[in-house]
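A.B. asks: Turn this into a model:
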Amino acid sequence: ADAIAGRRFVLQAGDCAERFAYCRSDRITNTLKVLLQMSLVLVVGAQRPIVRIGRFAGQYAKPRSADTETRNGVPLPSYRGDNVNRAEFTAEARTPDPQLLLRGYERAALTLNFIRALVKGGFADLHHPEYFDLDWVTHSPLADEYQRMVEMIGESLRFMENVLGVRAGETDRIDFFTAHEALHLACEEAQTRTVPRRSGWFNLTAHFPWVGLRTNDPEGAHIEYLRGLENPVGIKVGAGVTREQVARWIEKLDPRRTPGRLSFIHRFGADRIAEELPPLIEHVRAAGGSVLWVSDPMHGNTRRTASGVKTRYFADIYSEVEQAFDIHRAMGRQLGGVHIELTGEDVTECIGGARGPTEGELARAYESEVDPRLNGEQSLELAFLIARK
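C.D. replies: Predicted coordinates:
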């Protein structure tokens, strides 16, 4: 609700598709470090608090465009995330295995408990921002600017504490929230519970579940599931959405028009957002909706290289975010957040940025089994660009 009113900004970011193998202390820590670094840049640049929402501890199922994948003339079922089957290209690995749901629950619990321990243990202490430095990002052209910003925050804290004579409260704690796509309905339903002293039902695996482009039918099962939750919820919205669809989404998911209840995460592509976003804003206005607008500049900008490698261009990603700010502002609305696929690892999956890989360098450290992600250096650069905007 604060983000809708322009008093906060939402940073939703993390892995495209989590792997069970990623449930390691170093990888979880690196992802949190990137989120913290980006949020510090946005706090200073935007002059407002940041809501940090990680795509982690549950992003284990993925929709796919095709039911099968063919390699060397051999067709097999598509990889649909570690909750469903395995990424290796064998008939055994691609056979859905319900036991994987138990492994996903285990990994999600381990991840959440580790994050809680880090946060409660002072990992996010603003007095010690060096705790969340990523060593390899020190080579970034923006490293010096980031360091100056961190030093400024530290000096401001010390000044305030010296004047007041007390330690600034809660500066050793930063809130993290979690989100994932509510795709695997049986899994989500099994973990939807009532809780003491609260009315209604909650998805207890994530603070902020959302439905994707392939499952956002207003009359479909996924929207019906979200309708029964008390959590804030989101819908991924793409091109060609009709006024009737928007009205049905709002009527089903936010009938009381409660600010903060419903988020529209729009994803069009840098070359289509100028055409597609204004009608969407008008449709919401016509329905009397009070939604949080979030830009997903990743999914509409996926391309394949000449050799068939899936990638994204940093310039396209930033262009879509930049246009989103401009369009919302021109139409009297507020872009309240961004939704980014990233990792804290030194991967080479997206092309460009100040020091980003070229097409020929993608193979050096390309590890995603589904969609390409920004690495930490590219993520930090994007945060600076968003803050300036």
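
A.B. asks: Glu341 is in contact with Ala17, isn't it?
C.D. replies: No: at 9.2 Å, Glu341 does not count as touching Ala17 under the criterion of C-beta atoms under 8 Å. (Each C-beta comes from the backbone N, C-alpha and C, glycine too.)

A.B. asks: Compare neighbour counts for the two and give me the winner.
C.D. replies: Glu341 (27 against 23; other C-beta atoms under 10 Å).

A.B. asks: Quick check: bridge partners of the more buried one?
C.D. replies: Gly14 (DSSP bridges).

A.B. asks: And the pLDDT for it?
C.D. replies: As predicted, Glu341 sits at a pLDDT of 97.

A.B. asks: What's the separation between Ile53 and Glu69?
C.D. replies: 31 Å (C-beta to C-beta, to the nearest Å).

A.B. asks: Who has more neighbours out of these two?
C.D. replies: Ile53 (25 against 14).

A.B. asks: Confirm that the more buried one sits in a helix.
C.D. replies: No: assessed with DSSP: H, G, I helix; E, B strand; the rest coil, Ile53 is strand; it does not lie in a helix.

A.B. asks: partners of it in the sheet?
C.D. replies: According to DSSP bridges, beta-bridge pairing links Ile53 with Gln12, Phe177.

A.B. asks: Ile4 contacts Gly260, doesn't it?
C.D. replies: Yes: counting by C-beta under 8 Å, Gly260 is a contact partner of Ile4 at 6.5 Å.

A.B. asks: And these two? Which one has more around it.
C.D. replies: Ile4 (20 against 16).

A.B. asks: and that one, what does it touch?
C.D. replies: Ile4 sits next to Pro259, Gly260, Ser290, Val291, Leu292, Gln334, Gly336 when contact means C-beta atoms under 8 Å, 6 or more residues apart in numbering.

A.B. asks: how many neighbours does Ser379 have?
C.D. replies: 25.

A.B. asks: List the residues that contact Ala91.
C.D. replies: Leu76.

A.B. asks: Leu382 versus Val150, what's the distance?
C.D. replies: Taking C-beta to C-beta, one finds Val150 at 18 Å from Leu382.

A.B. asks: sorry, back to before: looking at neighbours, which among the contacts of Ile4 is most surrounded?
C.D. replies: Of the contacts of Ile4, with other C-beta under 10 Å as the count, Val291 tops at 27 neighbours.

A.B. asks: Need the residues touching each of Glu341 and Ala17.
C.D. replies: Between them, Glu341 and Ala17 share these contacting residues under C-beta under 8 Å, 6+ apart: Asp371.

A.B. asks: If you count surrounding residues, which of Val150 and Leu382 has more?
C.D. replies: Between Val150 and Leu382, counted using other C-beta under 10 Å, Leu382 has the larger neighbour count: 23 against 19.

A.B. asks: Please identify the helix or strand for the more buried one.
C.D. replies: helix 376-388 (DSSP states H and E).

A.B. asks: what packs against that helix?
C.D. replies: On a contact count with 3 or more C-beta pairs under 8 Å, 6 or more residues apart in numbering; DSSP states H and E, helix 376-388 meets helix 25-46, helix 143-164, helix 314-330, strand 335-341.
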